[in-house]
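Peer 1: Sequence and predicted model, in that order:
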Amino acid sequence: MDAGTDAGTDAGTDAGTLPTINSFTATPSNLATGGGPVTLAWDVTDATGLSIDQNVGPVTPVTVGNTTVLVGVTTTFTLTASNAIGNSTMTAEVTVAAVPPIQTINGTVVDNNGLPVPGETVLIAAASFSQTVVSDGNGAFSVPDVPTPYDATVIETTQAIQYKGLTRPDPSLTAFIFLSENPSGTLSGHFVGGTFPETSAYKTDFIFASPQTVKNLGDQPSGTYSSTVEWPGPTTTTGTLYALQIHNLSGLPVAYPGYGTLSSVTLQVGDTTAGQNVSLSPVTTGTVSGIVTFPTNYSLLFKSVALAVTSDLTLPLLSDSSADAGFIYVTPVISNTTLVLAAAATSVAGEYSASLKTGQPANGSGLEINIPAAPLLIRPANSATGVTTQTSFSWTPYSGGVYEFRASSGSGPAFYVLTAGTTATLPDLSSAGLPLPGSTEYSWSIVGLAPVLSVDLLAAPGGINNLVLNLSESVSASQTFTTAP
């Protein structure tokens, strides 16, 4: 771990001192080939603002805190602490191992919940290399002597998911399925504080979050609740309850009468965990304001704000469907939280594009949410016929992201290709028992995901749905094609 150096600019005067960065660390500081999640942590005094480069942006709290980022290549992060006197900086480096020419691949197949999936067929291919394996009872598989980069495809009777150009030795490949029925238990209790019973001008965001699940328990107007929670995996789950009451006027927040959490809440399958009472304390408010920009042929669909209580859990604050590109919103000022601002727009042709600004403080002005254009489909032409596994599909670029090629049919298997490029072909899986059906109509589209700089990061531990960053998403319009007889 490289804690770097603390460098000050604009030397202090008798009127005050520069911020002091006591520490700035990256954990882990060394990653295997392909990269993965890294926690950036800081300890700072006398700062009024903090930001981290490499597209991380502003972070809070301005004293002691952390944030999680995805790192795919060796990267040096710089923390800048500022106050009225000036800035101080410190760096932390993350080293990602070089790509070996040949390696043993020890991977795992997981479902949409991140649970291991046994008995899944996986095809590993690179140039002239090709080997099919089946995941064991723990969802694991191993293939030796694989040239790098390689493609990995999870194959089922109804779908195939292909990861293009992987380099990591430990891919976690997501099969787009859910395993058997989940265990469940019941939570009950009441709120202490806040404004209850609620009128129509109030609502409460109420969420249970554990390592296995995030469950929205819904508004509880009476102030007393009893809710069933399902979770994948073990017979018990332990997590935290989060509650935030919002007072709305004309559909937008004007105050937050109460916020509270209750930790170490354990659910047992089939049981009721009673007496889980959440105390709510009044919240001071701030404001954020700015503007949304989007392509000229798009119409603004919505603007939204959420409260990030952890790196991967948010509570929704508002959704504004007005056509006004400018915005000013009342926000909660809560220790150790940040805001996630989002906006989405659609085009006449049916493209959809959304953009996020994460890590924003509760007070901020002049913010800009820039919505990029969604990918445009280039070829084959709409309603093309005679399509085979040799047919090239292409689309326009989407800034800072990777792509999910989707092809689905009402009568044939679905195909998904995850790629960093702007071209793809339908996987040829005849040798693995999933040939492309003949004379079958398909629809296809492209999803752009950002910020994700490599497919390796989509195969980080836990699978696609375990990505710790909020992602911006853009979806092309759909077109059709028919396969060759």
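Peer 2: That came in fine, so what should we check first? Residues are numbered from 1 along each chain as shown.

Peer 1: alpha carbons only for contacts and neighbour counts from here, please
Peer 2: Noted.

Peer 1: show me where pLDDT drops low in the stretch 351-485 of the chain?
Peer 2: Per-residue confidence for the stretch 351-485 of the chain (pLDDT under 70) gives these ranges: 466-470.

Peer 1: all strands for it, in order.
Peer 2: Secondary structure of the stretch 351-485 of the chain, counting by DSSP state E, counting those that start in this stretch: strands at 352-360, 364-370, 377-379, 384-387, 393-395, 402-408, 414-419, 423-424, 441-450, 472-475, 479-483.

Peer 1: Of those strands, which is nearest residue 289?
Peer 2: Taking Cα to Cα as the criterion, strand 364-370 is the member of those that comes nearest to residue 289, at 4.7 Å.

Peer 1: Contacts for the closest one, please.
Peer 2: Residues outside strand 364-370 that contact it (Cα atoms under 8 Å, 6 or more residues apart in numbering) are 287-294, 341-343, 355-357.

Peer 1: In strands, which of the residues you listed fall?
Peer 2: Taking DSSP state E as the definition of strands, these contribute 287-293, 341-343, 355-357.

Peer 1: how about the nearest residue to residue 380, chain neighbours excluded?
Peer 2: Distances taken as Cα to Cα, 6 or more residues apart in numbering put residue 393 closest to residue 380, at 6.0 Å, once the chain neighbours are dropped.

Peer 1: For the one you found, give its distance to residue 201.
Peer 2: Noted for residue 393: a distance of 50 Å to residue 201, by Cα to Cα, to the nearest Å.

Peer 1: From the neighbour counts alone, determine which of those two ranks first.
Peer 2: Neighbour comparison, residue 393 and residue 201: the larger count goes to residue 393, with 18 against 13 (by other Cα atoms under 10 Å).

Peer 1: partners of the more buried one in the sheet?
Peer 2: residue 424 (DSSP bridges).

Peer 1: residue contacts, it?
Peer 2: Contacts here follow Cα under 8 Å, 6+ apart; on that basis residue 393 touches 378, 379, 380, 423, 424, 425.

Peer 1: Spatially, what comes nearest to the fourth one if we skip its sequence neighbours?
Peer 2: In other words, residue 423. Closest residue in space to residue 423, ignoring its immediate chain neighbours: residue 394 at 4.3 Å, by Cα to Cα, 6+ apart.

Peer 1: Surely that neighbour is in contact with residue 379?
Peer 2: Yes: assessed by Cα atoms under 8 Å, residue 394 is found in contact with residue 379 at 5.4 Å.

Peer 1: Comparing those two, which residue is more hemmed in?
Peer 2: For residue 394 versus residue 379, the count of surrounding residues by other Cα under 10 Å is larger for residue 394: 19 against 14.

Peer 1: Relative to residue 455, how far out is the closest residue to residue 420 other than its chain neighbours?
Peer 2: The spatial neighbour of residue 420 that comes closest, neighbours along the chain excluded (Cα to Cα, 6+ apart), is residue 402 at 4.6 Å. As for residue 402, its distance to residue 455 is 7 Å (criterion: Cα to Cα).

Peer 1: joint contacts of the two?
Peer 2: Overlap between the neighbourhoods of residue 402 and residue 455 consists of 418, 419, 420, taking contacts as Cα under 8 Å, 6+ apart.

Peer 1: and the second one, how many residues sit next to it?
Peer 2: Residues within reach of residue 419, counting by other Cα under 10 Å, total 24.

Peer 1: Flag the shaky bits of this structure, pLDDT-wise.
Peer 2: Residues of the chain that meet the criterion pLDDT under 70 lie in 1-15, 180, 466-470.

Peer 1: try it again with 50
Peer 2: Under the criterion pLDDT under 50, the flagged ranges of the chain are 1-5, 9-14.

Peer 1: all helices for it, in order.
Peer 2: Defined through DSSP state H, the helices belonging to the chain, from first to last, are 455-458.

Peer 1: how does it divide into domains?
Peer 2: For the chain, automatic domain parsing gives the domain ranges 7-96, 99-180+374-485, 184-282, 285-366.

Peer 1: which ones are touching the residue nearest to residue 232 when sequence neighbours are not counted?
Peer 2: The spatial neighbour of residue 232 that comes closest, neighbours along the chain excluded (Cα to Cα, 6+ apart), is residue 182 at 5.0 Å. The contact partners of residue 182, by Cα under 8 Å, 6+ apart, come to 230, 231, 232, 233.

Peer 1: For burial, what's the neighbour tally of the second one?
Peer 2: So that's residue 231. Counted with other Cα under 10 Å, the burial measure for residue 231 works out to 22 neighbours.

Peer 1: backbone phi and psi for it, please?
Peer 2: Torsion angles at residue 231 (phi, psi; degrees, to the nearest 10) stand at phi -150, psi 150.

Peer 1: Quick one: residues contacting residue 344.
Peer 2: Residues 300, 301, 302, 303, 352, 353, 354, 355, 371 are the ones in contact with residue 344 under the rule Cα under 8 Å, 6+ apart.

Peer 1: Out of these, which is nearest to residue 26?
Peer 2: Among the contacts of residue 344, and counting by Cα to Cα, the member closest to residue 26 is residue 355, at 26.4 Å.

Peer 1: Tell me the spacing between the residue nearest to that closest one when sequence neighbours are not counted and residue 341.
Peer 2: What sits nearest to residue 355 in space, not counting adjacent residues and going by Cα to Cα, 6+ apart, is residue 472, at 4.8 Å. Separation of residue 472 from residue 341 (Cα to Cα): 11 Å.

Peer 1: Repeat that for residue 23.
Peer 2: Between residue 23 and residue 341 the distance is 28 Å, computed by Cα to Cα.
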